[in-house]
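K.L.:
have a look at this fold, sequence not included:
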């Protein structure tokens, strides 16, 4: 079971990530697409590419412990499986371009800001 603090952190991180993506002209298609083997946090589109975004968060910005480092090969494999399922469920054409991104949100409490890093096309 997830602790309240973790889910609250995740909620804020997804909010910041979504606002960041919108500011970069991404169209948000959905949030929290779930399957038994995992979940995609944000689904977006830009320049006709469907983008599956994993949002990772941390309460502190500590070098060597950045939240994006938690997206390992197993996580990327599950993301790709969910992405393909989403494209099928929503009847996209077989040749629909898509990619997986990671948006990392580190909260810098002392300064009251969130540091955002965006990694594109991570596979």
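P.N.:
Arrived safely, thanks for sending. Everything numeric in this text was worked out from a predicted model, so none of it was measured. Numbering: from 1, shown residues only.
K.L.:
list the beta-bridge partners for the closest residue to residue 13 other than its chain neighbours.
P.N.:
In space, residue 13 comes closest to residue 57 once its chain neighbours are excluded; the distance is 3.4 Å by CB to CB, 6 or more residues apart in numbering. For the C-beta atoms, the positions are set from N, CA and C on the backbone; glycine is no exception. Note on residue 57: beta-bridge partners by DSSP bridges are residue 105.
K.L.:
how about residue 44?
P.N.:
Assessed by DSSP bridges, residue 44 has beta-bridge partners residue 28, residue 51.
K.L.:
wait, it touches residue 27, no?
P.N.:
Yes: taking CB atoms under 8 Å as the definition, residue 44 is a contact partner of residue 27 at 6.3 Å.
K.L.:
out of the two, which sits in the more crowded spot?
P.N.:
Remark: of residue 44 and residue 27, residue 44 carries more neighbours, 22 against 11, as counted by other CB atoms under 10 Å.
K.L.:
ok, now how distant is the more buried one from residue 78?
P.N.:
The gap separating residue 44 from residue 78 is 19 Å, by CB to CB, to the nearest Å.
K.L.:
please apply the same query to residue 62.
P.N.:
Distance of residue 62 to residue 78, computed by CB to CB: 26 Å.
K.L.:
between these two, which one's more packed in?
P.N.:
Higher neighbour count among residue 62 and residue 78: residue 78, with 16 against 10, using other CB under 10 Å.
K.L.:
tell me which element the more buried one is part of?
P.N.:
Secondary structure from DSSP states H and E places residue 78 in helix 73-89.
K.L.:
distance from the chain centre to that helix, please.
P.N.:
12 Å (CA atoms, centre = their mean, to the nearest Å).
K.L.:
need the mean per-residue confidence for it.
P.N.:
On average, the pLDDT along helix 73-89 is 94.
K.L.:
longest helix of the protein?
P.N.:
Identified as the longest helix of the chain according to DSSP state H is helix 4-23.
K.L.:
lowest-confidence helix or strand of the chain?
P.N.:
Using mean pLDDT, DSSP states H and E, the weakest-scoring helix or strand in the chain turns out to be helix 4-23, at a mean of 84.
K.L.:
by contact count, what packs against it?
P.N.:
Other elements packing on helix 4-23 under the criterion 3 or more CB pairs under 8 Å, 6 or more residues apart in numbering; DSSP states H and E are strand 27-35, strand 38-46, strand 49-58, strand 98-108, strand 113-119.
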